[in-house]
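A.B. asks: Provide a 3D model corresponding to the input given below.
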Amino acid sequence: MYLAKTPDFLKPLAAGMVWDIQSNKQELFLTFDDGPDPEVTPQVLDILNTFNAKACFFCVGKNVKDYPELFNRIVAEGHSLGNHTFEHEKGWDTDLNEYLRSVLKCNELVQSKLFRPPYGRISRAQATALKPKYHLIMWDVLSGDFDTLLQPENCADNVVKHAKPGSIVVFHDSLKCKENVLNALPVVLETFAKQNYTFPALTAEIIENQSVKNA
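C.D. replies: Next up is the predicted model:
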């Protein structure tokens, strides 16, 4: 079970994790997990280019190793990067040292201060160990593109109905999500572009500047 919209009252309970960006601008922060994938990521990049949108790609290290040219295209087109472990381990089911080794192995390829735990599941010990070096990025809105029971229009609705200025939105550039993401993403971008939203890439600098303002 999952919620398309993360309830605001839950966010403070996960201290030190980033769920959204406090913004008075019409902007959304699109993120893509689990890639790069040779069938899906190029099409996602083409769609983003059509709308002059940038995004943050939380890459699985193994996929970066397998598809380095695709990874380089993500970087060359001005998108930001995040660490999503090397093998897409589920934190709750993975030993602390094994989990940290996977993060470090991914970091050798994806040098980023942003980390998102696969499935959004991470133990307290894992989070504590990673916080000194990484911003732990969660989300405000889930498109649900990974849900095989949903149609693309449902995924688009999840974002359109729930996203607000500063929302961090999750999609997936993976084969499992291909039909949903490639059909929902243009709808989301077109809908928010008509409302004069922009789509900047999420970066460590944005998060750190927010932290300074809130200090």
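
A.B. asks: which residues touch the spatially most central residue of the chain?
C.D. replies: Nearest to the mean C-alpha position of the chain, counting by C-alpha atoms, centre = their mean, stands residue 31 at 3.2 Å. Residues counted as contacts of residue 31 (C-beta atoms under 8 Å, 6 or more residues apart in numbering) are 55-58, 82, 116, 137, 139, 168-171, 202. C-beta: built from backbone N, CA, C; applies to glycine.

A.B. asks: and the helix or strand containing it, how far out from the chain middle?
C.D. replies: Using DSSP states H and E, residue 31 sits in strand 29-33. When distances are taken as C-alpha atoms, centre = their mean, to the nearest Å, strand 29-33 is centred 3 Å away from the chain's centroid.

A.B. asks: now the host helix or strand of residue 171: buried residues?
C.D. replies: According to DSSP H and E, residue 171 maps onto strand 168-172. For strand 168-172, the neighbour count (16 or more other C-beta atoms under 10 Å) marks 168-172 as buried.

A.B. asks: what does the next helix or strand after that strand contact?
C.D. replies: Sequence-wise, the next helix or strand downstream of strand 168-172 (DSSP H and E) is helix 178-193. The contact list for helix 178-193, computed with C-beta under 8 Å, 6+ apart, reads 26, 28, 32, 39-40, 43-44, 47-48, 50-51, 53, 143-147, 150-153, 155-156, 159-160, 163, 169, 171-173, 199.

A.B. asks: so how far is helix 178-193 off the chain centroid?
C.D. replies: Computed by C-alpha atoms, centre = their mean, the separation of helix 178-193 from the middle of its chain amounts to 15 Å.

A.B. asks: which residues of this protein fall in strands?
C.D. replies: Using DSSP state E, the strands of the chain run over residues 17-18, 29-33, 55-59, 80-83, 114-115, 135-137, 141-142, 168-172.

A.B. asks: for the ones you listed, which one sits closest to residue 1?
C.D. replies: Across the strands of the chain, residue 1 has its closest neighbour in strand 141-142 (11.5 Å, C-beta to C-beta).

A.B. asks: thanks again, I'm all set now.
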